[in-house]
Structures are given as structure tokens and as C-alpha cells.
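K.L.:
Okay, sequence plus prediction incoming.
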Amino acid sequence: MGILSLTCFYLLTAIPAVICGHVAWSRIKRSAGQLTGEGLALAGMITGYIGIALSLVVLPLLLAMAIPNFVKGRKFAQTNACIQNLRIIDGAKQQWALENKREKTDTPTENDLKPYLHLDEFPRCRTGGTYTIGTVSEPPACSIPEHCLP
């Protein structure tokens, strides 16, 4: 258990390793030389304590590195989802203009585009932004500045 506590299981095996090491150590001492394995009991205690120390240092350090990256990844995914929604809206707008012989200055509504979206409802920005459809010649936009078509 002590060796496992040094690899990946940290507290799950470190605490039992320390407990078992102490129990074995005390039984060996009380047996007056009849039981052996003193070195193994000592090794279990030492590796268990090292596993506990690692879990108190390494795990918080890993969490400190991982949490900001999860937040950054979530924001990146939401931005990409919004940009994908804008592309879908733009494609529907171009198809609407083509099929209905509209000019570049015409502006469709959400209801005009719904048949071309092939979705149950009009796309929404996941971070709370609002979409501006705009005219046929201009790309749709989101109210959040980072969410824009390239």
C-alpha cells in the first residue's frame, strides 16, 4: 500500500499503509523476536508518510494548475460555439436571400430564418450575448466583442 501511495492513489493507500505499518511494528516489538518483518513494516510506514506528504503538496499544486485551464477551456469552447452559431445564422440568411430573391440590403427576421436553420429553436449565445442578424450583406454579430466571425 505504501508503494501505491507514491504512484497515484496518494491518500487512498497512504493512510492504510501508515496504520498497517504501525500495527505490524508494534506486534513485532511485542512478540519478543518470534515475528520478523520489521523492515517491511518500517518501509510501509515511511512510504505511507511520504504518500501523505505528497498528497498534501502535489494534489493542491495540480489543482492550482488545472482549475485555471478548465476555466480557460470552457470560455474557449463557449466562444467557438457562439461563432459556430453565427456561421449557421449567416448560412441560413444567405439561403433565405437566394431562395426569396432578396437584395443585399434586406434584413431577415428570426422567423424568416427558422426554416433554413433546421433547428428546433433559434440559436442562442451560451454566455448570454444577443445576436444581431443584420442585412444580407453583413455578417451576423454577437453582443460579446470576442464572439465574432473571422
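P.N.:
Structure received.

K.L.:
For the protein, which segments are assigned as helices?
P.N.:
2-7, 11-30, 38-99, 110-117 (DSSP state H).

K.L.:
Report the distance from the longest one to the chain centre.
P.N.:
Centre-to-centre, helix 38-99 and its host chain are 3 Å apart (Cα atoms, centre = their mean, to the nearest Å).

K.L.:
That one versus helix 110-117: what angle between them?
P.N.:
110 degrees (axes from the mean of the first three to the mean of the last three Cα atoms, to 10 degrees).

K.L.:
now for helix 38-99, which elements pack on it?
P.N.:
Applying 3 or more Cβ pairs under 8 Å, 6 or more residues apart in numbering; DSSP states H and E, one finds that helix 38-99 contacts helix 2-7, helix 11-30, helix 110-117, strand 131-132, strand 141-142. (C-beta placed from N, C-alpha, C; glycine too.)

K.L.:
what's the answer for the second one, then?
P.N.:
Using 3+ Cβ pairs under 8 Å, 6+ apart, the elements in contact with helix 11-30 are helix 2-7, helix 38-99.

K.L.:
domains for this protein, by residue range?
P.N.:
2-65, 68-142 (automatic domain parsing).

K.L.:
Just send the ones you listed back as CSV, with mean neighbour count and distance to Cys148 too.
P.N.:
Compiled in CSV, those are given as follows (neighbours: other Cβ atoms under 10 Å; distance: least, Cβ to Cβ, whole Å):
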stretch, mean neighbour count, distance to Cys148
domain 2-65, 15, 30
domain 68-142, 15, 6
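
K.L.:
Export the ones you listed as CSV, with columns for mean pLDDT.
P.N.:
Listed next are the domains of the chain as CSV, based on pLDDT from 0 to 100:
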stretch, mean pLDDT
domain 2-65, 88
domain 68-142, 94
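
K.L.:
hang on, isn't Gly51 packed against Leu12?
P.N.:
No. The criterion here is Cβ atoms under 8 Å, and Gly51 misses it with Leu12 at 9.2 Å.
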